[in-house]
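> starting from these lines, generate the structure:
(one chain, ligands or ions: 2)
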Amino acid sequence: MIDQTKNTNPAQPVEQNTVRNNKRVVIHGIAASPGLAYGQVFVFERKTVEVNQRIVEPEEAEEEIDRLRQAIQRSEKELNKILSFAEQKIGNAKARIFEAQIMFLHDPVIIDQIVERIRTERLNAESAVYSELSKYQQQMLDADESYMQERADDIEDVKHRILRNIQQERLFSRFKGTAIVVAKNLSPADAILLSRNDVLGYATDRGGITSHTALLSRSLKIPAVVGLTRISSDANTGDEMILDGYSGTAIIRPNKTDVEKYIEKQRRYALFEKKLTVLRDLPAETKDGRQIILSANADLEEELDYVGFQGAEGIGLFRSESLLIGRDTFPTEDEQYEAYWLAAEKVYPHDVVLRVFDIGGDKVYPLAIEENNPFLGWRGIRILLDRPELLKTQLRAMFRASLKKNVKILLPMISGVSEISATLNHIRDVKEEFHSKNIPFDKNMQVGAMIEVPSAAILAKEIARLVDFLSIGTNDLIQYLLAVDRGNPTITKLFQEFHPAVLRMIQHTIDGGHKRKVPVGMCGEMAGDPIATILLVGMGIDSLSVVPSVLPEVKKIIRSVNYKEAAKISRRALTMGTPEEVFGYLKKTLKTKLPDVPLG
Ligand code: PEP
Ligand code: MG
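Numbering: from 1, shown residues only. Ligands and ions are numbered 1, 2, ... in the order given. Reported below is the predicted structural model:
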């Protein structure tokens with residue numbers, strides 16, 4: 001949960017100088033990490049390092065190589081510091097991004113090439129570094145895949161670091177007091193370095209919900225809004241700003257009413273959160289006794305304790321792709337086993353739902369593929385069925401982690417029954433292998449299908465015949481059903497979870513599963529939207545897996561309604577023709593039933 005106490009000491013308004021833009025500006029972006037912040041802006045700008053190409057005298061070449069080597073050494077020292085700081089703050093898995101950067105500094109092919117160019121072309125050190133690394137970076141950008149783009153950003157970071165160190169410049173990342181950090185984009189190293197200050201929030205021009213800034217701020221529990229397109233040019237250091245990590249809004253130079261509203265909203269959240277702590281050990285049960293399994297989405301080791309602390313009944317979605325962050329190779333069976341076993345142990349006696357790698361789309365993966373439409377391409381189960389050795393290694397690790405009988409397996413990007421049958425064949429093979437080798441595992445381990453492709457939703461009943469549970473992934477289901485790229489900030493408004501077509505598809509899926517007596521849950525972001533809770537309960541959802549920070553709020557809503565009444569509300573919502581109508585109706589209903597729930 002966000003440390004609300006940080007926000008209670010807003011910065012004092014600064015004197016505006018005359019050249020500054022003094023106008024109030026409101027910008028909507030993507031809510032990347034929940035929480036509220038109010039304070040002064042610190043615009044973080046990387047000083048551009050000027051690179052002048054110079055041809056050096058033959059006898060100077062060795063001196064330039066020396067400058068290069070010293071700069072590499074200094075860069076390594078800086079990165080090592082960041083790495084150990086990151087390990088403490090965000091855990092080993094995410095800190096691996098920096099290990100990759102350190103390894104890059106040691107890459108003999110790249111470094112030798114730079115040295116070679118200094119010797120043969122007699123370039124000064126900075127222009128050789130600039131030219132060689134830019135070339136490399138361009139190759140990554142040309143690959144036209146989000147994973148490679150991220151690598152290009154990493155190289156930019158390394159390039160900038162070496163150049164700065166050649167010129168012996170220091171990076172300015174410290175500020176006094178508290179501030180909301182505003183930047184064009186933040187590299188992971190920037191975010192980590194800046195977090196040594198008292199950061200109230202992060203606001204960036206670039207970035208999507210899965211960007212480094214978003215991931216790191218969620219781990220650091222700092223409110224963040226990304227994709228604000230022009231915040232770095234509209235805000236000045238010292239300006240006042242309100243940042244709302246719940247609604248994804250930034251208000252630069254807020255007026256008195258904005259500030260009053262902010263204070264009120266913060267007060268309501270603080271009060272509400274205090275009340276929620278008493279719910280921790282109570283079940284998510286409606287007033288008339290319908291039990292909903294309320295679990296959390298968690299991917300990383302360091303999130304596991306927080307999940308329990310929030311009163312989650314296990315992990316409803318463990319995105320195993322998180323094991324791939326910052327890696328160029330797939331983890332071994334043993335490495336995977338350790339991660340899965342740890343999760344299973346931590347949540348015991350509750351369950352953990354381990355999803356097999358959902359690579360492709362916008363997610364990092366160590367396979368190099370070039371596709372025009374990665375979201376419609378080689379992704380999730382499609383890759384695993386084409387590369388059965390990857391799937392089987394992962395299944396073996398999951399089987400080994402199932403000894404406490406609390407592991408379930410989830411299959412992503414299912415579009416029809418044949419993918420399920422094919423995967424079940426591999427599962428059967430691994431079972432036989434384990435039997436023949438006498439390796440113990442849970443023979444009744446459940447297998448479920450993600451319902452996130454519209455064709456799978458339509459075939460929910462048929463799919464349910466083959467699996468033990470269904471889990472609706474609204475992040476993708478909405479994207480594919482409404483043809484709205486989930487990561488595109490320009491069309492965020494069109495990503496509508498209350499679109500009548502979405503509601504009908506969810507209802508169809510729940511009914512399909514129930515016809516086969518198969519439980520149906522939801523693990524997309526919609527599961528954690530308090531406005532959607534009554535609707536989903538009324539539709540008959542059996543379980544919700546939500547981001548841990550909103551879990552108590554969702555539980556409170558479930559415990560405050562009657563299932564029969566919720567069913568009536570859902571039926572009415574399903575007759576409505578527009579997302580606005582549905583949203584307005586649900587918001588009003590919730591407000592009437594639970595006046596103290598702070599909404600958006
Ligand atoms: C989803 O698509 O809703 C989902 C939970 O999976 P992911 O966000 O990992 O694609
Ligand atoms: Mg998905």
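
> who in the stretch 251-400 of the chain is up against ligand 1?
Contact residues (CB under 6 Å from any ligand atom) of the stretch 251-400 of the chain with ligand 1: 317, 319, 358. (Each C-beta comes from the backbone N, C-alpha and C, glycine too.)

> go again with 8 Å.
Residues of the stretch 251-400 of the chain lying close to ligand 1 (CB under 8 Å from any ligand atom) are 297, 317, 319, 321, 355, 358, 361, 363.

> tally of neighbours for the fifth one?
Summarising burial for Arg355: neighbours were counted as other CB atoms under 10 Å, giving 25.

> contacting residues for it?
Listed by CB atoms under 8 Å, 6 or more residues apart in numbering, the contact set of Arg355 reads 317-320, 409-412, 450.

> could you give the secondary structure assignment for the closest residue to it other than its chain neighbours?
Closest residue to Arg355 apart from its sequence neighbours, by CB to CB, 6 or more residues apart in numbering: Leu410 at 4.1 Å. Judged by DSSP: H, G, I helix; E, B strand; the rest coil, the three-state class of Leu410 is strand.

> ends of stretch 404-418, what's the gap?
With CA to CA, to the nearest Å applied, stretch 404-418 spans 30 Å between its terminal residues.

> stretch 190-207 too?
14 Å.

> that stretch: which residues count as buried?
Neighbour-count burial for stretch 190-207, counted by 16 or more other CB atoms under 10 Å, picks out 190-195, 197, 199-207.

> just for the stretch 1-150 of the chain, where's the confidence low?
1-21, 91, 93-94, 143-150 (pLDDT under 70).

> now swap in the stretch 451-600 of the chain and tell me
597-600.

> write out the residues of it neighbouring ligand 1.
Residues of the stretch 451-600 of the chain lying near ligand 1 (CB under 8 Å from any ligand atom): 452, 471-477, 479, 486, 523-526.

> among those, name the ones in strands.
471-472 (DSSP state E).

> neighbour count for the residues of the stretch 451-600 of the chain next to ligand 1 - can I get that in CSV?
Converted to CSV, these look like this (neighbours: other CB atoms under 10 Å):
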residue, neighbour count
Glu452, 26
Ser471, 29
Ile472, 27
Gly473, 27
Thr474, 25
Asn475, 16
Asp476, 23
Leu477, 25
Gln479, 21
Arg486, 22
Cys523, 30
Gly524, 27
Glu525, 21
Met526, 24
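
> go back to the residues of the stretch 451-600 of the chain next to ligand 1 and keep what's next to ligand 2.
Subset of those in contact with ligand 2: 452, 473, 476, counting by CB under 5 Å from the ion.

> contact partners of stretch 331-342?
301, 304, 318, 320, 323-324, 352, 354, 393-394, 396-398, 400-401, 407.

> typo on my end, it should be stretch 232-243
10-11, 13-14, 20-21, 25, 27, 36-43, 45, 180, 182-184, 200-201, 203-205, 223-225, 249-254, 258-259, 262.

> let's see that with 6 Å instead.
With CB atoms under 6 Å, 6 or more residues apart in numbering as the test, stretch 232-243 has contacts from 13-14, 20, 25, 37-38, 40-43, 180, 182-184, 201, 203, 205, 223, 225, 250-254, 258, 262.

> same check on stretch 391-407?
With CB under 6 Å, 6+ apart, stretch 391-407 has contacts from 333, 336-337, 340-341, 344, 348, 351-352, 354, 356, 384, 409, 426, 430, 434, 441-442, 445.

> report the buried members of the residues you listed.
If we count by 16+ other CB under 10 Å, the contacts of stretch 391-407 have these buried: 333, 336-337, 340-341, 344, 351-352, 354, 356, 384, 409, 430, 434, 441-442, 445.

> mind listing which of those residues are in helices?
333, 336-337, 340-341, 344, 384, 430, 434 (DSSP state H).

> could you look up the SS state of Leu317?
Leu317 ends up strand, using three-state DSSP.

> ok, for it, nearest residue in space, not its chain neighbours?
Per CB to CB, 6+ apart, closest to Leu317 is Cys523, 4.0 Å.

> list the contacts of the one you found.
By CB under 6 Å, 6+ apart, the neighbours of Cys523 are 316-317, 471, 545.

> now those: which count as buried?
316-317, 471, 545.

> is it possible to mark the buried ones in the contacts of stretch 232-243?
25, 37-38, 40-43, 180, 182-184, 201, 203, 205, 223, 225, 250-254, 258, 262.

> contacts for stretch 585-594?
Taking CB under 6 Å, 6+ apart as the rule, stretch 585-594 contacts 531, 535, 560, 569.

> in this structure, spot the helix with the most residues.
The chain, longest helix under DSSP H: helix 61-90.

> after it, which helix or strand is next? Please name it.
Tracing the chain past helix 61-90, the next element assigned as helix or strand by DSSP states H and E is helix 92-105.

> how about that following helix: buried residues?
93-102, 104-105.

> what's the closest of the residues you listed to Ile65?
Leu105 (15.1 Å; CB to CB).

> so the closest one makes contact with Arg74?
No - at 10.4 Å, Leu105 does not count as touching Arg74 under the criterion of CB atoms under 6 Å.

> quick one: the helices in the stretch 201-350 of the chain?
Under the criterion DSSP state H, counting those that start in this stretch, the stretch 201-350 of the chain contains helices at 212-220, 231-234, 256-276, 304-309, 333-347.

> what does the stretch 351-500 of the chain give?
Assigned by DSSP H, counting those that start in this stretch, the helices in the stretch 351-500 of the chain fall at 381-386, 388-400, 417-436, 454-458, 460-464, 474-482, 500-515.

> got a list of contacts for the first one?
This points to helix 381-386. 356, 359-360, 390-391, 411, 413-414, 419, 422.

> which of those residues has the largest number of neighbours?
In the contacts of helix 381-386, the most neighbours by other CB under 10 Å go to Ile414, 28 neighbours.

> run through the residues that contact that one.
Ile414 touches 381, 449, 456, counting by CB under 6 Å, 6+ apart.

> let's go with 10 Å and repeat that
380-382, 420, 423, 448-453, 455-456, 459, 463, 466-467, 470, 473 (CB atoms under 10 Å, 6 or more residues apart in numbering).

> and the buried ones among the residues you listed, selectable in ChimeraX?
Buried subset of those, written as a ChimeraX selection, criterion 16+ other CB under 10 Å:
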select :380,381,382,420,423,448,449,450,451,452,453,456,459,463,466,467,470,473
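
> can you pull the phi and psi angles for Val115?
Dihedral pair for Val115: phi -60, psi -40, per degrees, to the nearest 10.

> burial of the nearest residue to it once chain neighbours are set aside, as a residue count?
Once flanking residues are discounted, Val115 sits nearest to Ile65: 5.6 Å by CB to CB, 6+ apart. The tally of other residues near Ile65 (other CB under 10 Å) stands at 17.

> isn't Ile65 up against Ile114?
Yes - the pair Ile65 / Ile114 is scored as a contact, 8.8 Å apart, by CB atoms under 10 Å.
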